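Novice: Sequence plus predicted model, see below.
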Amino acid sequence: MQKQCVGRLWLAHLVFGSVSVFGQQEPVSLSMVTVRASAPERFLAGQKLERVDSAALQQFRFQNLSDLLAFQTPLVFKNYGGGQISTVSFRGTSPNHTAVLWNGVNVNQPMTGQTDFSGLPALGFDQVSVQYGSGGSAVGSDAVGGSLLLRSLPTYAQQGVRASVGYGEASFQNRQMQASVQFAGRPTPAGQLAGKTTLYNHQFNNRYPYRERGYYFMEPSNAWQRGLMQDFFWRNRRNGQWSLNAWLTDYAVTVAPADTLGRERTRTQGYRLLASYEADRWTVRAGWLRDVLDYAKADFSKPSHSLTDRLLTRLERELVGSWGGESLWQVRVGAEVVHYRTRVDGYGGQLITENRADVYALARYQTGRLTASANFRQGFVMGFNPPPTPSLGIDYTLVQRDRSRLNARASVGRSYRVPTLNERYWKNLGNPDLRPEHGLNAEVGLSARIQPTASWLVTVDGTAYRNRIDDWTYWNPDRGYRVENLQQVLARGLELATTATYTQKHWRVGGRLSYGLTRSSQLRAYDVYAQNIVGKQLPYVPVHTTSAMAYTQYRQWRVTLLTQLQSRRYSTFDNTQYLPGIVLTDLMASAPVRLGGLRLQVQGQVNNLFDALILNVKQNAMPGRNYALNVILTTP
């Protein structure tokens with residue numbers, strides 16, 4: 001019955017979209033075309049949302065997003081070694097509970113349900129935002145602990161061509177190369193074209209001069225990473241915009257390359273292509289995503305092969321209006337259908353297909369002081385019954401003066417996660433009878449913005465949250481690591497952050513300090529043998545996290561000091577073993593150099609400034625103090 005329902009939704013979606021979207025004929029000024037905010041940014045009132053500063057993206061352009069977010073947010077990353085996988089924990093949840101949205105589409109790998117953050121280059125995205133808490137009503141599956149929002153934006157106003165080329169040389173014979181071209185044509189009676197091309201090639205040889213640090217082994221490894229990002233935008237006279245986004249990645253990691261019997265090689269390739277059209281508050285989108293994974297041990301000539309394709313189509317309609325001229329309301333309704341095709345050696349090699357669909361309605365109401373949202377989403381998956389995911393949220397301005405503002409917020413919402421393909425189809429260990437995980441998230445917060453003088457700006461933010469997740473899946477060691485719905489987990493905590501900025505003529509001085517308290521434990525076990533771990537902190541989730549950043553900038557000269565601290569991380573469910581806490585400090589500096597009509601930016605970086613001993617999740621030592629020197633050549 002559910003399969004028929006999904007099929008009808010797919011047909012209705014395609015037919016309805018093909019009839020309705022292209023009927024707008026009224027010409028308007030090109031300047032009236034705007035880019036809509038993504039659903040989590042616009043319709044999740046009452047939830048914490050942070051946008052990464054563009055200056056930070058530029059500073060970290062030779063690094064990945066896990067390096068950036070570890071210093072800028074309370075997120076916790078599980079690092080497996082130099083150049084190896086890095087996964088995230090949002091508010092005490094697992095990597096499977098984070099949705100990574102690229103231009104509105106979830107790009108988590110369907111086989112594992114995760115995204116490797118070491119493969120997300122900071123230079124590739126125009127806008128990066130972090131949405132905390134359940135986003136199931138606006139995003140769908142996976143958004144249990146939070147979401148990462150990656151966007152490409154058109155630059156119609158910056159007409160002309162701007163190019164940049166970068167090269168970085170780092171310790172251990174690691175090097176990186178990147179290039180980008182951004183362009184925007186002149187407006188014509190037919191429309192205007194804008195776009196961006198980004199290429200990157202990273203080589204991590206990891207030639208460490210030592211085999212151990214502090215009696216802990218330094219695991220030898222090497223990796224390379226290549227990618228292409230291409231964005232085209234075209235806006236026409238009919239207040240419409242076409243966009244075409246492509247993102248190709250190729251990433252390979254080899255562990256213990258000199259050990260012909262124990263070496264391991266993992267290669268992942270990603271192909272992502274999206275096409276969208278927006279006109280008169282209609283949006284239609286189609287996409288193709290392919291994930292390829294090859295794993296080999298000892299003999300690299302015959303790897304285990306996995307390939308998954310996703311074909312998606314989405315249709316949305318927005319309605320807006322006002323009441324009495326002082327309040328605005330906005331409703332976005334839509335449907336999405338995704339077709340999966342996968343062939344994995346670990347599943348037996350046969351072709352497996354699956355259809356999924358979502359229907360949703362998102363509503364927002366705004367007055368001078370109040371912003372409220374009410375959302376609803378229902379997912380449909382072959383063989384599953386995902387729960388409905390409603391949410392309610394409110395933002396209210398308690399105090400609003402010329403130089404100060406105090407806001408309060410609160411939200412409650414449900415979430416769910418469809419089991420991954422590995423969890424359901426892996427030979428002998430997979431379980432096709434798994435139930436979708438489902439959660440209930442609630443949070444409250446206060447934020448203040450104070451400008452005591454024209455030069456000073458101070459912000460303070462505090463959030464308390466509670467997230468209960470039922471039917472948490474677990475590879476049960478008591479059943480030979482067969483996957484089962486074994487746990488009910490409760491994550492609760494507190495997040496505090498403050499920033500201060502001082503600006504005077506060409507000088508700019510600022511800093512940020514944040515703290516996170518996370519209690520994430522099993523509330524109830526469905527297995528009698530697991531009763532002794534009820535109430536214990538989940539593995540690799542530190543109770544305390546702190547990050548600090550301070551910078552001084554004069555014109556284009558900038559020096560930044562960053563520090564992150566984490567308490568001990570338990571490595572077992574019964575909390576009998578743990579990894580020591582982390583104190584990591586980096587120092588960054590950049591300076592401009594004029595070369596005629598070109599601009600040369602030189603960046604220097606000292607990682608692990610105080611040579612601290614840090615262990616990864618494999619209990620191997622991470623590199624000590626190391627250095628990087630980067631140069632970026634930019635046209636005017």
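Specialist: Looks like it came in fine.

Novice: for stretch 597-612, which positions count as buried?
Specialist: Within stretch 597-612, the residues that qualify as buried are 599, 601, 603, 605, 606, 607, 608, 609, 612, counting by 16 or more other Cβ atoms under 10 Å. Where you see a C-beta, it was placed from the backbone N, CA and C, and this is true even at glycine.

Novice: and which of these is nearest residue 135?
Specialist: The shortest approach to residue 135 among those belongs to residue 607, at 32.4 Å (Cβ to Cβ).

Novice: Next up, the contacts around the closest one.
Specialist: Residue 607 sits next to 586, 623, 625, 626, 627, 628 when contact means Cβ atoms under 8 Å, 6 or more residues apart in numbering.

Novice: ok so, going back, can you redo the buried residues of stretch 597-612 as CSV with secondary structure?
Specialist: Converted to CSV, those look like this (DSSP: H, G, I helix; E, B strand; the rest coil):
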residue, secondary structure
599, strand
601, strand
603, strand
605, strand
606, strand
607, strand
608, coil
609, coil
612, coil
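
Novice: With pLDDT added, can I get these in a markdown table?
Specialist: Output for the buried residues of stretch 597-612, formatted as a markdown table (pLDDT from 0 to 100):
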| residue | pLDDT |
| --- | --- |
| 599 | 92 |
| 601 | 96 |
| 603 | 97 |
| 605 | 98 |
| 606 | 98 |
| 607 | 97 |
| 608 | 97 |
| 609 | 98 |
| 612 | 97 |
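
Novice: which of the contacts of residue 607 lies closest to residue 208?
Specialist: Nearest to residue 208 out of the contacts of residue 607 is residue 623 (Cβ to Cβ; 6.5 Å).

Novice: and the closest one, how far is that from residue 613?
Specialist: With the distance defined as Cβ to Cβ, to the nearest Å, residue 623 ends up 11 Å from residue 613.

Novice: returning to what we had before: from the buried residues of stretch 597-612, which is closest to residue 191?
Specialist: residue 599 (31.1 Å).

Novice: Am I right that the closest one is in contact with residue 591?
Specialist: No: contact criterion Cβ atoms under 8 Å: residue 599 and residue 591 do not qualify, at 11.3 Å.

Novice: What are the boundaries of the strands in the stretch 301-450 of the chain?
Specialist: 304-323, 327-344, 351-366, 370-381, 391-400, 404-417, 437-450 (DSSP state E, counting those that start in this stretch).

Novice: relative orientation of the longest strand along the chain and strand 437-450 in degrees?
Specialist: When the chain is parsed with DSSP state E, its longest strand is strand 482-504. Comparing the axes of strand 482-504 and strand 437-450 via axes from the mean of the first three to the mean of the last three Cα atoms, to 10 degrees yields an angle of 10 degrees.

Novice: if you average pLDDT over strand 482-504, what comes out?
Specialist: The average of the pLDDT scores along strand 482-504 is 94.

Novice: What is the subsequent helix or strand relative to that strand?
Specialist: Sequence-wise, the next helix or strand downstream of strand 482-504 (DSSP states H and E) is strand 507-525.

Novice: What is that following strand packed up against?
Specialist: Contacts defined by 3 or more Cβ pairs under 8 Å, 6 or more residues apart in numbering; DSSP states H and E place strand 507-525 against strand 482-504, strand 544-554.

Novice: before we move on, the earlier item: so for residue 623 and residue 613, which sits in the more crowded spot?
Specialist: Using other Cβ atoms under 10 Å, the more surrounded residue of residue 623 and residue 613 is residue 623, with 20 against 15.

Novice: Name all residues that make contact with residue 180.
Specialist: The neighbours of residue 180, taking Cβ under 8 Å, 6+ apart as the test, are 123, 163, 164, 196, 197, 198, 199.

Novice: Just the buried subset of the residues you listed, please.
Specialist: 123, 164, 196, 197, 198, 199.

Novice: Which members of these define the maximum pairwise distance?
Specialist: Farthest apart among those - using Cβ to Cβ - are 123 and 197, which lie 12.1 Å from each other.

Novice: for residue 351, what are its contacts?
Specialist: 341, 342, 343.

Novice: are any of those buried, and which?
Specialist: For these, buried by 16+ other Cβ under 10 Å: residue 342.

Novice: Just send the contacts of residue 351 back as CSV, with pLDDT and distance to residue 412 too.
Specialist: Output for the contacts of residue 351, formatted as CSV (pLDDT from 0 to 100; distance: Cβ to Cβ, whole Å):
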residue, pLDDT, distance to residue 412
341, 98, 37
342, 97, 35
343, 96, 41
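
Novice: and the contacts of residue 351 as CSV, adding distance to residue 313?
Specialist: CSV is the format used below for those (distance: Cβ to Cβ, whole Å):
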residue, distance to residue 313
341, 15
342, 19
343, 22
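
Novice: Of the contacts of residue 351, just say which sits nearest to residue 270.
Specialist: The shortest approach to residue 270 among these belongs to residue 342, at 14.5 Å (Cβ to Cβ).

Novice: So in terms of bridging, what pairs with that closest one?
Specialist: Following DSSP bridges, residue 342 is listed with bridge partners residue 308, residue 352.

Novice: residue contacts, it?
Specialist: 110, 111, 306, 307, 308, 309, 351, 352, 353, 354, 421, 425.

Novice: neighbours around the last one, how many?
Specialist: For residue 425, the tally of surrounding residues (other Cβ under 10 Å) stands at 21.

Novice: wait, what's in contact with the residue nearest to it when sequence neighbours are not counted?
Specialist: In space, and not counting its chain neighbours, residue 425 is closest to residue 347: 4.3 Å by Cβ to Cβ, 6 or more residues apart in numbering. Neighbour list for residue 347: 421, 425, 426, 427, 430 [criterion: Cβ under 8 Å, 6+ apart].
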